[in-house]
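Chemist: Everything below, folded, please.
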Amino acid sequence: MANPWAGEVEITLDGQRHVAKLTLAALAELEAEIGETGGMIALVERFEAGRFASRDVLAVIVAGLRGGGWQGRVGDLGTVEIGGGPMGAARKAAELLARAFSVPGEGAA
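Modeler: Predicted coordinates:
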């Protein structure tokens, strides 16, 4: 079970629950993945404005899963059913970002 107070989000892959968390190492990996598209602040702003791309969603999901101990890569999600489909994945990515950049009890859900 994911602990929202620890920044964790539960993500279901092919019916199996995984805990995702944007640890400092996962954030660094995410920043390297998104490259020169404005960095982490621009990524958060894209999510806040609803202007994110599917590659943004995948990058955040993979970084979060890896922060939670998952050993896969982006390519491993190509044939995986993510719980809630594309919209569910986008919501989970947004949750991960919100939990990574908020103080528990102050807007983190």
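Chemist: For the rest of this, base every contact and every neighbour count on C-alpha atoms.
Modeler: OK.
Chemist: chain center to the longest helix that the chain contains: distance?
Modeler: Across the chain, the longest stretch assigned as helix under DSSP state H is helix 85-100. Distance of helix 85-100 from its chain centroid, counting by CA atoms, centre = their mean, to the nearest Å, is 6 Å.
Chemist: in it, what counts as buried?
Modeler: 89, 90, 92, 93, 94, 95, 96, 97, 98, 99, 100 (16 or more other CA atoms under 10 Å).
Chemist: mind giving me TSV with those residues and columns for distance to residue 35?
Modeler: What follows is the buried residues of helix 85-100, written out as TSV (distance: CA to CA, whole Å):
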residue	distance to residue 35
89	21
90	20
92	21
93	18
94	19
95	21
96	19
97	17
98	20
99	22
100	19
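Chemist: just those now: which is nearest residue 52?
Modeler: residue 90 (8.8 Å; CA to CA).
Chemist: Show the contacting residues for the closest one.
Modeler: Residue 90 sits next to residue 57 when contact means CA atoms under 8 Å, 6 or more residues apart in numbering.
Chemist: and the buried residues of helix 85-100 as a markdown table, adding pLDDT?
Modeler: Listed next are these as a markdown table, based on pLDDT from 0 to 100:
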| residue | pLDDT |
| --- | --- |
| 89 | 96 |
| 90 | 96 |
| 92 | 97 |
| 93 | 97 |
| 94 | 96 |
| 95 | 96 |
| 96 | 96 |
| 97 | 95 |
| 98 | 93 |
| 99 | 92 |
| 100 | 91 |
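Chemist: Among those, which one lies nearest to residue 39?
Modeler: residue 97 (13.2 Å).
Chemist: That closest one is in contact with residue 44, isn't it?
Modeler: Yes - applying CA atoms under 8 Å as the test, residue 97 and residue 44 come out as touching, 6.9 Å apart.
Chemist: Need the nearest residue in space to residue 63, chain neighbours excluded.
Modeler: The shortest distance from residue 63 to any non-neighbouring residue, by CA to CA, 6 or more residues apart in numbering, is to residue 26 (5.0 Å).
Chemist: Pull the number of nearby residues for that neighbour.
Modeler: A total of 20 residues lie near residue 26 under the criterion other CA atoms under 10 Å.
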